[in-house]
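S.K.: need the 3D shape of this:
(chains A and B)
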Amino acid sequence: MAKLTSRKENYSQWYNELVVQANLAETSAVRGCMVIKPYGYAIWEKMQHQLDSMFKATGHVNAYFPLFIPKSFFSKEASHVEGFAKECAVVTHYRLKNDPDGKGVVVDPDAKLEEELIVRPTSETIIWNTYKKWVHSYRDLPILCNQWANVVRWEMRTRLFLRTAEFLWQEGHTAHATAEEAREEAEKMINVYSDFAENFLAIPVIKGVKSANERFAGALDTYTIEALMQDGKALQSGTSHFLGQNFAKAFDVTFTKKDGTTDYVWATSWGVSTRLMGALIMTHSDDNGLVLPPKLAPIQVVIVPIYKTDEQLAAITEKAQAIKKALEAKGITVEYDDDDTQKPGWKFAEYELKGIPVRLAMGARDLENGTVEVARRDTLTKETLPLENIDAYVENLLNEIQKNLFEKAKAFRTEHTYKVDTYEEFKERVKNCDGFILAHWDGTTETEEKIKEETKATVRCIPFDAPDEEGTCIYSGKPSHKRALFAISY
RNA sequence: CGGGGUAUAGUACAGUCCGGUUAGUAUGCUUGGUUUGGGACCAAGAGGUCACAGGUUCGAAUCCUGUUACCCCGACCA
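M.R.: Residues are numbered from 1 along each chain as shown, chains lettered A, B, ... in the order given. Reported below is the predicted structural model:
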């Protein structure tokens, strides 16, 4: 296996090589679409299971809506179509036939659809068209649905996990009787996302509200969680939208209130995608390969035997199986790798590349002393410990690693977050891609676009926890009451 | 979608400028043996319509035209 390009040498090449070499995903025969390989998919499944249980715990249910959306649905909400029109895949025909020239198959021109179908880039339109049938009374509300699905956005430039033409995600779509309730829902879900990011992915995130310019197409407000990657760029990791009555009005979804009057329904939508895989990789991994937080690792512990004779192997296997059993009893996933085609050194490198949090090695020396070597992936340190209570030790160590990864990422973010008060300093920080920048901004789209044009930095969000602070906009000098979070973003 | 680069064995590359026997090298794979505490060694073997489609030529990986995909830099985005 070739050595990885170092992060320092070329961060983006490091990322690409890591994704492929760690067996997470690879490019496919289809432009912009990836194959998620079993190891990568196992991590995604862990994310799904955890998120799904968090959605259920907050009262949501799963449903499924069609992949195809009639073209006419898109013209019903003006800003929505504007946001997605440029990147839609369109189905125009429903049949192939043999090429009359005998060269394979061609699209049958007689099989043209009356109305083209759009492959969903997101499902608001088809879902609100459906909700119209479901909602008549305040008693039918709220509707709290989520769907796990694939969507297609015809992106010009793609990268594995970070931006692919087809990606997997979940999209929650809720309907409410009042604006307050819908707003609460949108806030609740951004909190679920940040809880998930911090406590499971071990990624510290900044919660906040998007500027008008960065808002979801069709939303009144977009809440976001923003994470900082090791190269100093921000990654938008999840969003939750307060949609107001825009989609209810577009699809004519009204309900009768208790007092007999009617009103349009209030809406939210929220989603996270396989992009979280990219966030996970870029937050924790190092030049040796992937680093996985234990809660997301498909294999949490690997045991490698080191032996010269069959007798030694038999003795080690017996001990290793006992450890495996004890760990599994604690709900820890363990692999015992007694494959004899590779040497231990090869395996060590391999499991580091794959990001296995804890590695146990046992050889003749350990048999004699009743010990085992414990190596942790996050710090790359090893120690030799007695076998006694090793299961409790490892269980503890996994928790410790989970915590350490979060603390490490948080310390990195703290080190790379700068309060900036002049445009000169701002430009300098942005030029070096130093990280998050907290600066005063006058709140206008005009200023935001000027800054973006001149520096490529964007307003990532106005953090929820930004303290009230009088200041002046770094660009326009106009008064500002809060600092906004700026960064170069993915 | 604009600018630049690349496409040859599973992978990474050489060969292309200047056309000419059987297209090489490393690694990986298979078999046998020696090894095994940080990416082992020896021996034998398998593996290629040189991205695709046309064209020039006695002859094309090599020259010409077109297409497609990937990588880097921009604009767009979860």
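S.K.: so where's the longest helix in chain A?
M.R.: If you go by DSSP state H, chain A has its longest helix at helix A:390-415.
S.K.: ok, then the element right after that helix?
M.R.: Per DSSP states H and E, helix A:390-415 leads on to strand A:417-420 as the next helix or strand towards the C-terminus.
S.K.: adjacent strands (with direction) for that following strand?
M.R.: strand A:436-440 (parallel) (DSSP bridges).
S.K.: any idea of the angle the partner strand forms with helix A:390-415?
M.R.: Taking axes from the mean of the first three to the mean of the last three Cα atoms, to 10 degrees, one finds strand A:436-440 and helix A:390-415 inclined to each other by 40 degrees.
S.K.: which other residues reach strand A:436-440?
M.R.: A:206, A:226, A:228, A:234, A:413, A:416-421, A:426, A:429-430, A:457, A:460, A:466, A:469, A:471-474, A:480, A:482-487 (Cβ atoms under 8 Å, 6 or more residues apart in numbering). C-beta coordinates here come from the backbone N, C-alpha and C atoms, glycine included.
S.K.: put the alpha carbons of it into CSV.
M.R.: Extracted in CSV, the C-alpha atoms of strand A:436-440 (Å, rounded to 0.1, in the frame of the first residue of the first chain):
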residue,chain,number,x,y,z
PHE,A,436,-13.1,30.9,11.8
ILE,A,437,-13.2,34.6,12.0
LEU,A,438,-15.6,36.5,14.3
ALA,A,439,-16.2,40.0,13.0
HIS,A,440,-18.7,42.8,13.0
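S.K.: and that strand, how far out from the chain's middle?
M.R.: Its chain's C-alpha centre and that of strand A:436-440 lie 24 Å apart, by Cα atoms, centre = their mean, to the nearest Å.
S.K.: what does stretch A:334-354 give?
M.R.: Its chain's C-alpha centre and that of stretch A:334-354 lie 29 Å apart, by Cα atoms, centre = their mean.
S.K.: tell me which of the contacts of strand A:436-440 fall in helices.
M.R.: Reading helices off these with DSSP H, I get A:413, A:426, A:429-430.
S.K.: just the closest of these to RNA strand B, please.
M.R.: A:V430 (11.7 Å; Cβ to the nearest atom of the strand).
S.K.: the closest one reaches A:S489, doesn't it?
M.R.: No - A:V430 lies out of contact with A:S489 (Cβ atoms under 8 Å); the separation is 11.3 Å.
S.K.: looking at these two, which one has more neighbours?
M.R.: A:V430 (21 against 16; other Cβ atoms under 10 Å).
S.K.: near A:A375, how many other residues are there?
M.R.: A:A375, neighbours per other Cβ under 10 Å, totals 20.
S.K.: wait, a helix at A:I303?
M.R.: No - if the criterion is DSSP: H, G, I helix; E, B strand; the rest coil, then A:I303 is strand and not within a helix.
S.K.: what's near enough to touch it?
M.R.: Applying Cβ under 8 Å, 6+ apart to A:I303 gives the contacts A:320, A:323-324, A:334-337, A:359-362.
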